[in-house]
Structures are given as structure tokens and as C-alpha cells.
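Novice: below are the sequence and a predicted model for it; my questions follow.
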Amino acid sequence: MAQREDDSEDVSYKRAVHQSALGRPSRLSSYEKYGIASTFTAVICDPTQTTRYKRHLTTDSESRDEQAKRPRADKAPLRKHERFWLADGNAIIELDGINFRVHQSWFTKHSKRIAAILPDQGTQGSRLEEITLDFCGVLKAIDFEALLSLYENPGDYRDYIETPTLMSLIRAAAILGFDNDRTWLVRELAALWPSNLGELFVNPEPRLDAPKVACLARTCDIDSLLKPAFYDMARAPGFGLDRLDESEQIGRADVLRLVRVREYLSGMWAQVAAHEDPTFVCQNLQAAPSSNDERPSGLSANTNGKPVLCPTPSAMDSHCLSATARREAWVRLVHYSQIFAPYRYDPLRGLAALINIPWTDEWCRDCVEKRKADWHKMQRRIWEMVGEYLREE
């Protein structure tokens with residue numbers, strides 16, 4: 001094979017063909033419309049817009065003497081991949097200074113995008129020997145290597161795929177147009193980043209790879225990953241942006257969204273947890289009379305305004321105590337127990353902590369249950385609002 005390559009280089013010429021866009025609209029087009037610079041453009045480009053191929057051909061009309069006289073171009077030595085430089089391959093992929101050689105048939109079988117730009121090999125007597133695919137910096141060597149490894153040993157990925165490898169596979173599948181693989185790989189990652197509120201509380205701490213997941217979601221149009229990733233970023237110091245590589249940057253529009261989301265989360269938590277709602281009224285109106293009440297000490301008022309006997313000790317659980325007693329209990333249960341401060345930017349988990357507090361006798365049972373139900377509703381409203389902020393232009 002190597003000998004045939006050397007011979008063909010002596011007598012062949014190169015022709016570069018630039019393909020036109022087949023193209024779906026890029027997500028970044030909306031950013032550019034508003035004058036917002038983005039750093040995602042390399043990854044999100046459609047391969048059909050950026051891929052070039054070179055064909056090495058010989059012509060019958062050109063004599064061997066004329067071919068031999070053609071000057072031979074100086075070529076930099078190739079740095080071949082250790083595993084994926086196939087002896088019988090006929091498609092060279094140059095990525096990050098590493099050269100892969102694989103089979104064209106592998107591309108055409110799994111990707112309609114790549115098949116559309118490759119030369120037709122079904123013609124009788126085709127003299128195509130080798131092509132070079134140039135992805136113009138769109139595809140990374142580590143991502144392409146992960147995809148090749150998946151096809152080389154699929155059994156190794158049957159039970160578990162590490163998150164960085166999974167993200168590399170999704171990027172490669174999306175860029176190359178391996179749509180079937182992209183579908184199940186995205187499903188695997190979405191299981192680790194559920195957007196269902198009920199599954200959100202598995203990880204008490206912000207996950208360190210949330211910024212990378214957010215970048216992947218934007219570049220590969222995986223909307224289901226945006227909410228959980230952005231929520232984790234909003235509750236992390238500095239949004240976790242210092243963990244991104246130079247090629248993985250959050251756009252200006254998304255940084256502004258993160259700022260607004262964090263402000264909203266902080267405001268909601270302060271509203272619900274800093275102190276008891278000042279408009280709170282006990283659900284049971286037949287509360288025990290206060291010391292300032294002018295009614296006889298043995299009587300209490302019911303909802304009809306008629307005097308009734310004061311509740312028996314066994315019925316004392318049916319009302320809340322005074323506002324002063326409840327305020328002191330709130331400080332003890334929420335602030336002194338270290339619940340308030342840690343959830344400053346995480347009201348969803350903060351509300352879950354409030355719901356699980358063993359509320360003391362300062363509140364009646366009915367009011368405690370009603371308040372827990374209200375907090376569950378507030379969690380759902382907050383989660384919906386996070387999605388609204390991400391949809392803002």
C-alpha cells in the first residue's frame with residue numbers, strides 16, 4: 001500500500017473541491033444577529049460547510065514522462081496516529097497535528113453528510129486512490145479518537161461511559177453527522193443531567209463539569225441539558241467559568257443570562273427563608289386568647305364571633321403560637337441550624353431543606369402541612385422561571 005502511495009504521488013496531481021452549504025441554520029446566527037460575539041463557531045459548523053477533500057487521480061491523456069517532470073511538492077512528515085492509521089485505509093483525517101487514516105466506506109455508511117461530499121465510488125473504473133478530509137479546526141483529535149474507539153470495541157461502552165468520553169462522542173457524532181449514534185449518546189448524557197425537577201436533588205453540590213455540559217448543549221443543540229447545567233453554574237462560585245478551556249467559552253449572552261438567573265435565585269431564597277412570611281395567618285382561627293385579649297380567660301372566639309370554651313390541652317396543637325414565639329423559633333431552626341447561608345443561590349434545595357425541618361410546636365400541624373405544600377409549588381415555579389430566563393433573547 002505504501003509503495004502504491006509513493007508511485008501515485010509521483011504521477012498525480014491534487015485538486016481541492018470546496019463544497020457549498022447544505023446547511024441547517026446555526027444556533028449562533030441568533031447571537032450574531034444581536035451583535036454578540038461567540039466563541040462556539042468552530043464546533044457548531046456543519047461539516048458540509050467546512051469539509052474539504054482532495055482526490056489523487058491520474059489521467060489517461062497525460063503521459064508518464066509529463067507526469068514525471070512535474071515537480072514534487074515538499075510535504076511535512078506525517079504524525080500518524082498509533083492505532084488509527086489503517087494500512088488499507090483510503091481517507092486521511094488531519095486533526096490537531098495528528099493524522100488518521102480510515103475507510104471512506106465507514107463514513108458513507110454512518111453519515112449522510114459526509115457521504116454527500118465524498119466522490120462517487122460506484123462508477124466502474126474509478127481511479128480514486130485516496131482522499132484527505134479537512135474539517136478546518138471544527139473536529140478535535142480527541143473526539144474523533146473516541147468515536148473510532150467506540151466502533152473498534154463497542155462492548156467496552158455497553159455498561160458505562162465516563163462523562164468526558166461521552167461528551168467527546170457526542171461532539172464527534174454531531175459534527176460528522178452520525179445521527180443514530182448522536183441520539184443514543186445524548187440520551188445517556190441526559191440521564192446524568194436530568195431536567196425533571198424530581199430528579200434534580202441527587203447532587204447536593206454543583207457539578208464541576210456543568211460549564212462544559214452547557215457549552216456542549218449550546219453547540220450541539222441539546223436543549224434538555226441547558227436548565228440543569230445552567231442551574232449548577234448559577235450556584236457555583238464564578239459560575240465555574242475558570243474550568244473551561246480556551247476553545248470552550250460561554251457566549252456573552254449566556255453570561256448575562258447566568259447573572260440574571262443568579263439574581264433571581266438569590267432573591268427568591270431571601271424572600272422565603274430570611275424570616276417567616278409577615279402576612280402569615282394561622283389556619284385555625286380559634287386561637288387561644290392573648291394576654292391583651294379583653295375576653296374572659298376561659299373563652300375563645302370561633303369563626304361566627306360567638307364565645308366558645310377554650311380548647312382543651314389535647315386540642316392545643318390546632319393553633320399556632322404568637323408571632324414573637326414563631327420568630328424566635330424561625331431563627332433557631334433556619335439560621336442557627338446553618339440552613340439559610342448555604343442555599344443562598346440554591347433555593348430549590350433550600351426549599352427541600354425547609355420542607356424536611358422538624359417544625360416545632362410554635363406552628364400547628366395544619367399550618368406546617370400547608371406551608372410545605374406551598375414550598376413544593378414554589379419549587380416548580382422557580383424551575384419554570386429558570387427555563388424562561390434561558391429562552392430570553
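Specialist: Great, that's in hand. It should be emphasised that the depicted structure is a prediction, and the values quoted were computed from it without experimental measurement. Numbering: from 1, shown residues only.
Novice: what residues sit buried inside whichever strand or helix holds T165?
Specialist: Taking DSSP states H and E as the definition, T165 sits inside helix 163-176. Across helix 163-176, burial judged by 16 or more other Cβ atoms under 10 Å covers 165-176. (Each C-beta comes from the backbone N, C-alpha and C, glycine too.)
Novice: hang on, isn't W193 packed against A229?
Specialist: Yes - counting by Cβ atoms under 8 Å, W193 does reach A229; the two are 6.4 Å apart.
Novice: between these two, which contacts overlap?
Specialist: Contact criterion Cβ atoms under 8 Å, 6 or more residues apart in numbering; residues shared by W193 and A229: V213.
Novice: E162 versus D156, what's the distance?
Specialist: 11 Å (Cβ to Cβ, to the nearest Å).
Novice: that older thread, now for the helix holding T165, which elements pack on it?
Specialist: Helix 163-176 is packed against helix 141-152, helix 179-192, helix 210-219, with contacts defined by 3 or more Cβ pairs under 8 Å, 6 or more residues apart in numbering; DSSP states H and E.
Novice: contacts for the longest one next, please.
Specialist: Just to be clear, that refers to helix 179-192. Counting by Cβ under 8 Å, 6+ apart, 110-112, 147, 150, 161, 163, 166-167, 169-170, 173-174, 213, 216, 220, 222, 224-225 sit against helix 179-192.
Novice: average pLDDT for it?
Specialist: Mean per-residue pLDDT for helix 179-192: 94.
Novice: what angle separates that helix from helix 163-176?
Specialist: 150 degrees (axes from the mean of the first three to the mean of the last three Cα atoms, to 10 degrees).
Novice: show me which positions of helix 179-192 end up buried.
Specialist: Buried residues in helix 179-192 (16+ other Cβ under 10 Å): 181-182, 185-186, 189, 192.
Novice: between it and helix 210-219, how many degrees?
Specialist: Using the same axes, to 10 degrees: helix 179-192 against helix 210-219 is 140 degrees.
Novice: pretty sure C282 contacts C364?
Specialist: Yes - under the criterion of Cβ under 8 Å, C282 makes contact with C364 at 6.4 Å.
Novice: D245: what secondary structure?
Specialist: Going by DSSP: H, G, I helix; E, B strand; the rest coil, the secondary structure assigned to D245 is coil.
Novice: and it, how far from A173?
Specialist: 20 Å.
Novice: quick revisit: C282 and C364: which has the busier surroundings?
Specialist: C364 (20 against 16; other Cβ atoms under 10 Å).
Novice: tell me how far that one lies from I355.
Specialist: 17 Å.
Novice: R327 now?
Specialist: From R327 to I355 the distance is 20 Å (Cβ to Cβ).
Novice: please apply the same query to I98.
Specialist: From I98 to I355 the distance is 53 Å (Cβ to Cβ).
Novice: what's next to stretch 252-265, contact-wise?
Specialist: For stretch 252-265, using Cβ under 8 Å, 6+ apart, the contacting residues are 31, 34, 36-38, 214, 218, 230-231, 233-235, 239, 241, 250, 345-347, 382, 385-386, 389-390, 392-393.
Novice: could you list the buried residues of that stretch?
Specialist: 253-254, 257-258, 261-262, 264-265.
Novice: quick check: strands, which of those residues are part of them?
Specialist: Among those, DSSP state E puts none in strands.
Novice: quick one, strands of the stretch 251-393 of the chain?
Specialist: Per DSSP state E, counting those that start in this stretch, the stretch 251-393 of the chain carries strands over the ranges 299-301, 307-309.
Novice: check the model's average confidence along the last one for me.
Specialist: The average of the pLDDT scores along strand 307-309 is 37.
Novice: got it, and the first one?
Specialist: Mean per-residue pLDDT for strand 299-301: 39.
Novice: how about E162, phi and psi?
Specialist: phi -60, psi 150 (degrees, to the nearest 10).
Novice: show me how to select, in ChimeraX, the buried members of the contacts of stretch 252-265.
Specialist: Selecting only the buried entries of the contacts of stretch 252-265 in ChimeraX, with 16+ other Cβ under 10 Å as the criterion:
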select :31,36,38,214,218,230,231,233,234,235,239,241,250,345,346,347,382,386,389,390
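Novice: how close does the residue nearest to G350 when sequence neighbours are not counted sit to A329?
Specialist: Once flanking residues are discounted, G350 sits nearest to Y343: 3.0 Å by Cβ to Cβ, 6 or more residues apart in numbering. In this view, Y343 and A329 are 19 Å apart by Cβ to Cβ.
Novice: and F84, which of the three is it?
Specialist: Applying three-state DSSP: F84 is strand.
Novice: confirm for me that it is in contact with A141.
Specialist: No - the criterion here is Cβ under 8 Å, and F84 misses it with A141 at 10.0 Å.
Novice: so if I had to pick from those two, which one is more boxed in?
Specialist: Shown here are F84 and A141; by other Cβ under 10 Å, F84 has more neighbours (20 against 17).
Novice: residues in contact with that one?
Specialist: F84 neighbours (Cβ under 8 Å, 6+ apart): 100-102, 145, 148.
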